[in-house]
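> sequence and predicted structure below; questions after.
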Amino acid sequence: MKRISGEDYSGRVNRTPAAERVRYRAEPSVLTALRSPRLLTREALAGIVVALALIPEAIAFSVIAGVDPKVGLFSSFIMAVTIAFVGGRPAMISAATGAVALVIAPVAPTYGMDMFIATVILAGIFQILFAVLGVAKLMRFIPRSVMVGFVNSLAILVFLSQLPHLIGVPWPVYPLVVLGIAILVLFPKLTKVVPAPLIAVVVVTLVVVVARIAVPTVGDQGELPRSLPELFIPHVPITWETFTIIAPFAFAMALVGLMESLMTAKLVDEITDTHSNKTRESWGQGVANMASGLFGGMGGCAVIGQTMINVKASGARTRISTFLAGVFLLVLIVALGDIVALIPMAALVSVMIMVSIGAFDWHSIQPATLRRLPKSETLVMLATVALVVATHNLAIGVIGGVLIASVLFARRVARVVDVRRELRSEGGIAGSLAHYTVTGELFFASSNDLTTLFEYHRDPKHVVIDLTGAHVWDASTVAALDAIETKYAQYGATVEFVGMNPDSQTMHRRLTGELGGSV
C-alpha cells in the first residue's frame with residue numbers, strides 16, 4: 001500500500017523509523033539556515049532578543065527560589081544551550097521559570113544550597129524516567145478547551161508579571177513603554193528583516209541614555225555575575241533520608257516543568273504548523289535540568305514568553321536561535337554586563353506586554369464563539385484560566401481543567417444511553433417476550449442507572465436485552481448486567497443478552513459472575 005507523509009490510505013499512522021524521521025523533520029533545518037545568510041541572520045537576531053528578555057526574569061525567578069541571581073542566569077544559559085541539542089521542539093526556549101521556582105522555593109532556605117542542587121538533579125532524573133514511561137503520550141488526553149485555557153492563562157500571567165515594573169515607578173516609564181509598544185506595532189509594517197523587539201530595546205535604551213532619564217534598569221534587578229559557571233557537585237549524604245526530603249520537591253518540579261514544556265511545545269506546533277517529538281522533549285528536559293544542576297543552576301523548563309518572542313515576534317524556526325539565545329545570554333551577563341545593566345526595564349516590559357497580547361486567544365472569548373460553543377467547553381476553558389491565575393501553577397490548572405472536562409464528558413455521554421422496551425410474541429403467544437434495545441456507551445457513569453430502566457415485575461418470563469447498539473467498557477457495566485439478570489431471576493424470569501460486539505462479549509464473558517454481590 002502506498003504511504004504518504006507517514007500515513008497510509010487507511011488512515012493508520014505509519015510508525016516505521018523512516019516515517020517518524022519524516023514526521024519530526026524540522027523545516028527549515030539547521031543546515032538550511034546555516035547555508036542561508038537571511039535565515040541565519042533571523043535566527044541570530046532572535047537569539048539576541050530572547051537573551052535580553054531572559055535576564056530580568058531569570059533574576060526575578062532566582063529571588064523567588066531564594067537563591068543568588070547568578071543561579072537563575074546560569075541555569076537559563078545552560079538549559080538553553082543543552083536543550084538546543086537534546087530537545088524535541090526546535091526554536092522553543094527553555095530556561096529558569098517562575099513555575100519551577102515556586103515549587104522548589106522552600107528547599108534552599110530550609111536545607112541549604114547543596115540540597116537545592118541535589119533536588120534539581122533528581123528532578124532531571126525523574127523527567128528522564130517520565131520519558132521512558134511514555135508520559136508525553138498522555139498529551140493526547142488534553143482537550144482543546146484546556147489547551148485554550150492554558151494559552152490564555154499564560155498570556156495573563158505574562159502580563160501580570162509586568163505590573164510590578166509599572167506600579168510605583170517614575171512617570172517617564174509610561175511614555176517609554178508606549179514608545180516601545182508603538183515600535184513593536186509599527187516597525188514590522190516597514191520590514192521584518194530585523195526583529196521589532198530588538199529595535200524597541202535599542203531605541204528605548206538610547207533614548208534613556210542620551211536624555212539621561214532616571215528609570216529602573218536591568219542593573220537594578222540584581223548583580224550580574226562576572227565569571228563563567230563552574231562544576232558544582234552537591235555534598236549531600238546519599239541516604240534514604242536525603243531522598244525522602246528532596247524527592248517530593250523534585251517530583252513536583254519534574255511534573256510541573258514537563259507539563260509546561262509539553263504544552264508550550266504543542267502551542268509552537270500549532271503556530272508553526274509542524275510536528276515535534278514530545279518524548280524526546282521529555283528526556284531532553286531531564287538532561288537539561290541535570291546539566292543545569294551540575295553547574296549550580298536552579299533548573300527550569302520551557303518559557304512561554306521568550307518562546308513567543310523567538311517564534312512569533314522574531315520568526316525563528318530552528319535550534320540555532322535557542323542555542324544562540326543561551327550563548328548571547330552568557331556573553332551579555334559576563335562580558336557586557338555593564339552595558340546590559342543600562343537597559344531600561346520599560347523596554348523589556350513593552351516587549352512582554354505585546355507578547356501577552358499576541359499569545360492570548362481573543363477568538364475564544366468573542367460573543368459569537370461563546371454562543372456557538374457548548375457551555376461545558378467554555379466552562380472548562382474558564383476553569384483552567386482561573387486555576388492557573390489563582391495558583392500561578394500550570395500543573396494545577398491543566399490537571400484541574402482535564403478533570404473537569406472528563407467529568408462533564410462522562411455526564412454528557414451517560415445521558416445518551418437509551419433503553420427501549422417492546423413486548424413481542426413467542427411461540428404464538430402474544431406478549432410472552434420482553435425485548436429491550438439498549439444503545440449508547442456503557443461505563444461507570446451510565447451503567448449505574450441502567451438497572452433502574454427495566455420493568456422487572458411487569459415483564460414476562462423471557463427477557464431479551466439487545467446490545468447491538470451499545471458497547472460494554474468496564475467492570476461496572478458487567479456488574480450492572482449481572483444485577484439485572486439477578487433481579488429478573490427473583491421474579492422467575494430468564495434473561496438473554498444478544499448482539500454484543502466482540503470486545504464487549506470478551507469483557508462480559510471474562511467478568512460475569514466474578515464480581516460478587518448484586519445490586
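Cool, got the structure.

> how about the strands in the stretch 301-450 of the chain?
Listed in chain order, the strands of the stretch 301-450 of the chain (DSSP state E, counting those that start in this stretch) span 301-302, 418-426, 429-442.

> would you mark the buried spots in the longest one?
What that stands for is strand 429-442. Applying a neighbour-count criterion of 16 or more other CB atoms under 10 Å, one finds 433, 434, 435, 436, 437, 438, 439, 440, 441, 442 buried in strand 429-442. In this view, the C-beta of every residue, glycine as well, is placed from N, C-alpha and C.

> please identify which of the residues you listed is nearest to residue 357.
Of all the buried residues of strand 429-442, residue 357 sits closest to residue 441, with 41.6 Å by CB to CB.

> once you drop chain neighbours, what's closest to the closest one?
Nearest non-adjacent residue to residue 441, counting by CB to CB, 6 or more residues apart in numbering: residue 413, 5.3 Å away.

> still on that earlier bit, between all of the buried residues of strand 429-442, which two are separated the most?
Taking CB to CB, no two of the buried residues of strand 429-442 sit farther apart than 433 and 441, at 26.6 Å.

> quick one on the thing from earlier: to residue 160, which of the strands of the stretch 301-450 of the chain lies closest?
Of all these, strand 301-302 comes closest under CB to CB, at 19.1 Å.

> just list what that closest one packs against, helices and strands only.
In terms of contacts (3 or more CB pairs under 8 Å, 6 or more residues apart in numbering; DSSP states H and E), strand 301-302 is packed against helix 240-272.

> pull the distance from the helix it packs on to the chain's centre.
Centroid displacement of helix 240-272 relative to its chain, using CA atoms, centre = their mean, to the nearest Å, is 10 Å.

> what packs against it?
helix 98-104, helix 107-111, helix 113-132, helix 144-160, helix 278-294, strand 301-302, helix 304-308, helix 394-414.

> if we go to 6 Å?
helix 98-104, helix 113-132, helix 278-294, strand 301-302, helix 394-414 (3 or more CB pairs under 6 Å, 6 or more residues apart in numbering; DSSP states H and E).

> so for that helix, mean pLDDT?
For helix 240-272, mean pLDDT rounds to 90.

> next, count neighbours for residue 138.
By the measure other CB atoms under 10 Å, the count of residues near residue 138 is 14.

> circling back: the strands of the stretch 301-450 of the chain: which one's closest to residue 320?
Per CB to CB, nearest to residue 320 of the strands of the stretch 301-450 of the chain: strand 301-302, 17.3 Å.

> pull the distance from that closest one to the chain's centre.
Worked out by CA atoms, centre = their mean, strand 301-302 lies 10 Å from the chain centre.

> kindly report the same for stretch 65-78.
Distance, stretch centre to chain centre, for stretch 65-78: 23 Å (CA atoms, centre = their mean).

> dump it to CSV, restricted to CA.
Extracted as CSV, the C-alpha positions of stretch 65-78 are listed here (Å, rounded to 0.1, in the frame of the first residue of the first chain):
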residue,chain,number,x,y,z
ALA,A,65,13.6,30.5,44.7
GLY,A,66,15.6,32.1,47.5
VAL,A,67,19.0,31.9,45.7
ASP,A,68,21.6,34.2,44.3
PRO,A,69,20.7,35.9,40.9
LYS,A,70,23.6,34.1,39.2
VAL,A,71,21.9,30.8,39.9
GLY,A,72,19.0,31.7,37.7
LEU,A,73,21.1,33.3,35.0
PHE,A,74,23.5,30.4,34.7
SER,A,75,20.6,28.0,34.7
SER,A,76,19.0,29.8,31.8
PHE,A,77,22.3,29.7,29.8
ILE,A,78,22.9,26.0,30.4
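
> hmm, who's touching it?
Applying CB atoms under 6 Å, 6 or more residues apart in numbering, the contact partners of stretch 65-78 are 54, 58-59, 61-62, 95-96, 101, 105, 108-109, 222, 225, 229, 291-292, 295, 297-298, 300, 326, 329-330, 333.

> tell me which of the buried residues of strand 429-442 is nearest to residue 315?
Out of the buried residues of strand 429-442, the member with the shortest distance to residue 315 (by CB to CB) is residue 441, at 45.4 Å.

> could you list everything that closest one pairs with in the sheet?
Taking DSSP bridges, one obtains residue 471 as the residues bridged to residue 441.

> wait, it touches residue 415, no?
No - with contact defined as CB atoms under 6 Å, residue 441 and residue 415 do not form a contacting pair (10.6 Å).

> just to revisit the earlier point, could I get the helices and strands packed on helix 240-272 as a markdown table with distance to residue 357 and mean neighbour count?
Formatted as a markdown table, those follow (distance: least, CB to CB, whole Å; neighbours: other CB atoms under 10 Å):
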| stretch | distance to residue 357 | mean neighbour count |
| --- | --- | --- |
| helix 98-104 | 19 | 23 |
| helix 113-132 | 32 | 23 |
| helix 278-294 | 27 | 25 |
| strand 301-302 | 20 | 28 |
| helix 394-414 | 20 | 18 |
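
> export the ones you listed as a markdown table, with columns for distance to residue 362 and mean pLDDT.
Listed next are the helices and strands packed on helix 240-272 as a markdown table, based on distance: least, CB to CB, whole Å; pLDDT from 0 to 100:
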| stretch | distance to residue 362 | mean pLDDT |
| --- | --- | --- |
| helix 98-104 | 24 | 81 |
| helix 113-132 | 33 | 95 |
| helix 278-294 | 27 | 95 |
| strand 301-302 | 23 | 93 |
| helix 394-414 | 19 | 84 |
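
> can you list those in TSV and add distance to residue 46?
As requested, the helices and strands packed on helix 240-272 are arranged in TSV below (distance: least, CB to CB, whole Å):
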stretch	distance to residue 46
helix 98-104	22
helix 113-132	26
helix 278-294	20
strand 301-302	16
helix 394-414	24
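
> looking at those, which is nearest to residue 255?
The nearest among the helices and strands packed on helix 240-272, by CB to CB, is helix 394-414 at 5.8 Å.

> which elements pack onto the closest one?
Partner elements for helix 394-414 (3+ CB pairs under 6 Å, 6+ apart): helix 144-160, helix 240-272, helix 375-391, helix 444-447.

> of the strands of the stretch 301-450 of the chain, which approaches residue 505 most closely?
Closest among those, using CB to CB: strand 429-442, at 13.0 Å.
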